[in-house]
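K.L.:
take this sequence and fold it.
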Amino acid sequence: QAQESEGHDRTSIDLPGVQHDFISKVADAANGKPVIVVVMSGGAVDISQERNNDKVNGILFVGYPGQSGGTAIAETLVGTNNPAGRLTQTFYYSNFTDDV
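P.N.:
Numbering: from 1, shown residues only. Reported below is the predicted structural model:
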């Protein structure tokens, strides 16, 4: 629970740790195969690096998917489910507050 929990707010909306670097390295190693980033997060995170990476073919935000989440994610990734949803939050860049 180092990122956020009750009584412990985030100080940054960047992905924690080295996740940006890890995603970039996976995308580089994929050799043209599709790369889909699955984001499991209870709140908005800055995924602009992944959005701007030409080697990342898609981003799937799943929030906290619950009991059947794994099945729903798998069905979405293989194309047997076509999700549509309305997000309850706005996704800002991590430096948004510097610009306001």
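K.L.:
which residues belonging to stretch 46-54 are considered buried?
P.N.:
For stretch 46-54, the buried set under the neighbour-count rule, 16 or more other C-beta atoms under 10 Å, comprises 46-47, 49-50, 53. Placement of C-beta: from N, CA and C, glycine included.
K.L.:
mind saving the C-alpha coords of that stretch as CSV?
P.N.:
Taking C-alpha atoms only, stretch 46-54 is exported to CSV below (Å, rounded to 0.1, in the frame of the first residue of the first chain):
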residue,chain,number,x,y,z
ASP,A,46,-0.6,9.9,-16.2
ILE,A,47,-0.2,7.4,-19.1
SER,A,48,0.8,10.0,-21.7
GLN,A,49,4.1,8.3,-22.3
GLU,A,50,2.3,5.1,-23.2
ARG,A,51,-0.2,7.0,-25.3
ASN,A,52,2.6,8.7,-27.2
ASN,A,53,4.6,5.5,-27.7
ASP,A,54,4.1,4.4,-31.3
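K.L.:
number of nearby residues for residue 23?
P.N.:
Around residue 23 there are 20 other residues, counting by other C-beta atoms under 10 Å.
K.L.:
confirm that it sits in a helix.
P.N.:
Yes: applying DSSP: H, G, I helix; E, B strand; the rest coil, one finds residue 23 inside a helix.
K.L.:
coming back round to it: nearest to residue 29, of the buried residues of stretch 46-54?
P.N.:
The closest of those to residue 29 turns out to be residue 53 (C-beta to C-beta; 13.0 Å).
K.L.:
so what's the residue nearest to that closest one when sequence neighbours are not counted up against?
P.N.:
In space, and not counting its chain neighbours, residue 53 is closest to residue 27: 5.8 Å by C-beta to C-beta, 6 or more residues apart in numbering. Counting by C-beta atoms under 8 Å, 6 or more residues apart in numbering, residue 27 touches 35, 53, 55-56.
K.L.:
mind giving me JSON lines with those and columns for pLDDT, distance to residue 71 and secondary structure?
P.N.:
Converted to JSON lines, the contacts of residue 27 look like this (pLDDT from 0 to 100; distance: C-beta to C-beta, whole Å; DSSP: H, G, I helix; E, B strand; the rest coil):
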{"residue": "35", "pLDDT": "97", "distance to residue 71": "21", "secondary structure": "coil"}
{"residue": "53", "pLDDT": "96", "distance to residue 71": "28", "secondary structure": "coil"}
{"residue": "55", "pLDDT": "97", "distance to residue 71": "27", "secondary structure": "coil"}
{"residue": "56", "pLDDT": "97", "distance to residue 71": "24", "secondary structure": "coil"}
